[in-house]
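Colleague: sequence and predicted model, in that order:
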Amino acid sequence: MRKRGAASLVASLLVTSCALTPDYERPDLNVPVDWERGEATQDAIANTAWWELYGDPVLEGLIERALAQNQNLALALARMEEAYYLVNFTRAEQFPFLDVFGSAGRGRQSKQIFPPAKTDNNFGLGANLSFEIDLWRRYARATEAARADLLASEFGLRNVTIGLVAQVAELYFGLQDLDSRLEISRRTVRGRAERLAIIEARFERGIEPELDVNQAQVQLAVAQVAVTSYERLTAQTEHVLRVVIGEYPGPVPRGPRVGFGRVPLTIPAGIPSELLQRRPDVQEAEQVLIAETARIGVAQALRFPSLSLTSQISVVATDLTDLNSMDAGEWSLAAGIFQPIFNSGRLKAQKEAQVARAEQARHGYVLTLLNAFREVEDAIVATDTFRREFEARTRQVAAASSALRLSQARYDAGVVDYLEVLDSERTLFDAELRHSQAHRSVLSAFVSVYKALGGGWDERVLQEQAD
């Protein structure tokens, strides 16, 4: 009867312990079946080094240097290593602790107080064994939270890696865009300087009015200002990119400007539910929610009794040769229970605060997912619209260039005044600059698609980092 009663008590404790700690359940996300734009295909997202599509060895080299030297990436890797060891640290609480000790001493009491006192030796050797029974799964839930933190840090590392590669590519494309704009500005300066020289010569002969000279000088100065502006922006962007790849500021090499020949004309979006498994920031947010949910069980268990077992065995003697004597042995075995009774609601408040933290993590997870869907939709739209904008800008440059030639011919023939030529020059200059920017926008949009879909990283690189 006693055995059956003890078994019933243990069973009831186990059932109660399960009831104390809530298990994680993924929130009802109601994920869309299809994207608002773009086709859904199962094999849309591949773990490929997408930057190799451009065929630019300079870009590939910069990305490799960034993956090897970037400090934010190294920081994320260090966080993951910390989380790994914290799992082992937390898990150790579920197992018994064994400590050994030894002592040696020599001393004597005061003969004024105890006349028979004499000098004695004292030697001791023993071991302590302690174990707290995890009645309410407090330590099991703490270990579960630590494992979720580890996974969150791993997904955080993946997220940093994806963002880093995208940042290097976008900065590189930005540099190529600035190089193009700088060349356009310098070419414009040369053309306007030549035109100003002709107008000044005509003014000296009384053919042109001084107003035309002044207007030509103004337009030359505008182009010169653009040159200095793009030179400054180029140098500053180079400095940013060098820091991103983990090096001191300095010049950055560039290859020929990346074209669209290797860029896919259409980019499949993948099925929406894949974002739950593909986006590392979404997975990281879910692991944070899992960890905070598990910690509710930890906080709840603190309000219930804790049962600990301790034992000690030792040998004590006044001579080293007597330590192996049976008479030198000492031992003890004890069990202790601790139950908090009154603490002004501190433990209850701690548990409720943890419930609130878990609720915050749940909202953060849902918000991260919503933003992920928004970024995918934005990237799909941007890829399509920027490509069409680039095509329109190309036609605009061709038309503006033709208009300037015709205006210059009409001006040389004396049919129109110089204002028409100035207007055509301004139109062409602005069209060429915007055409260069549109070229960059198409490439950046392509990068954004892969970043938004959570794909496009190289698993080999991530594996090397983990090792």
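Modeller: Done, it's in.
Colleague: which intervals of the stretch 351-467 of the chain have sub-threshold pLDDT?
Modeller: 455-467 (pLDDT under 70).
Colleague: now with 50, please.
Modeller: Residues of the stretch 351-467 of the chain that meet the criterion pLDDT under 50 lie in 457-462, 465-466.
Colleague: ranges for the helices of it?
Modeller: Under the criterion DSSP state H, counting those that start in this stretch, the stretch 351-467 of the chain contains helices at 418-452, 459-466.
Colleague: how about these in a markdown table, adding distance to Q396 and mean neighbour count?
Modeller: Any C-beta I mention is one placed from the backbone N, CA and C, and that applies to glycine too. Listed next are these as a markdown table, based on distance: least, Cβ to Cβ, whole Å; neighbours: other Cβ atoms under 10 Å:
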| stretch | distance to Q396 | mean neighbour count |
| --- | --- | --- |
| helix 418-452 | 5 | 20 |
| helix 459-466 | 41 | 13 |
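Colleague: save those helices as CSV, and put in distance to A152 too.
Modeller: Shown next, in CSV, are those (distance: least, Cβ to Cβ, whole Å):
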stretch, distance to A152
helix 418-452, 20
helix 459-466, 15
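Colleague: what residues sit buried inside the lengthiest strand in the chain?
Modeller: When the chain is parsed with DSSP state E, its longest strand is strand 120-133. Residues of strand 120-133 classed as buried by neighbour count (16 or more other Cβ atoms under 10 Å): 123-126, 132.
Colleague: just how off-centre is that strand within its chain?
Modeller: 49 Å (Cα atoms, centre = their mean, to the nearest Å).
Colleague: can you list the strands that that strand pairs with?
Modeller: Its sheet considered, strand 120-133 pairs with strand 97-107 (antiparallel), strand 306-317 (antiparallel) by DSSP bridges.
Colleague: out of those, nearest to S401?
Modeller: With Cβ to Cβ as the criterion, S401 lies closest to strand 97-107 of the strands paired with strand 120-133, at 81.6 Å.
Colleague: could I get the average pLDDT for the closest one?
Modeller: On average, the pLDDT along strand 97-107 is 89.
Colleague: same check on stretch 143-153?
Modeller: 96.
Colleague: list the contacts of that stretch.
Modeller: Outside stretch 143-153, the residues within contact range by Cβ atoms under 8 Å, 6 or more residues apart in numbering are 76, 79-80, 82-84, 86-87, 89-91, 93-94, 283-284, 287-288, 290-292, 294-295, 298.
Colleague: helices of the stretch 101-250 of the chain, start to end?
Modeller: With helices called from DSSP H, counting those that start in this stretch, the stretch 101-250 of the chain shows them at 138-204, 210-244.
Colleague: what angle do the shortest one and helix 138-204 make?
Modeller: Put simply, helix 210-244 runs at 160 degrees to helix 138-204, going by axes from the mean of the first three to the mean of the last three Cα atoms, to 10 degrees.
Colleague: now helix 210-244: buried residues?
Modeller: Neighbour counts over helix 210-244 (16+ other Cβ under 10 Å) mark 212-213, 215-216, 219-220, 222-224, 226-227, 230, 233-234, 237-238, 241-242, 244 as buried.
Colleague: packing partners of that helix?
Modeller: In terms of contacts (3 or more Cβ pairs under 8 Å, 6 or more residues apart in numbering; DSSP states H and E), helix 210-244 is packed against helix 138-204, helix 418-452.
Colleague: quick one: which of the ones you listed is nearest R303?
Modeller: Nearest to R303 among these is helix 138-204; the distance by Cβ to Cβ comes to 10.3 Å.
Colleague: that closest one vs helix 418-452, what angle?
Modeller: Between helix 138-204 and helix 418-452, the angle comes out at 170 degrees (the same axes, to 10 degrees).
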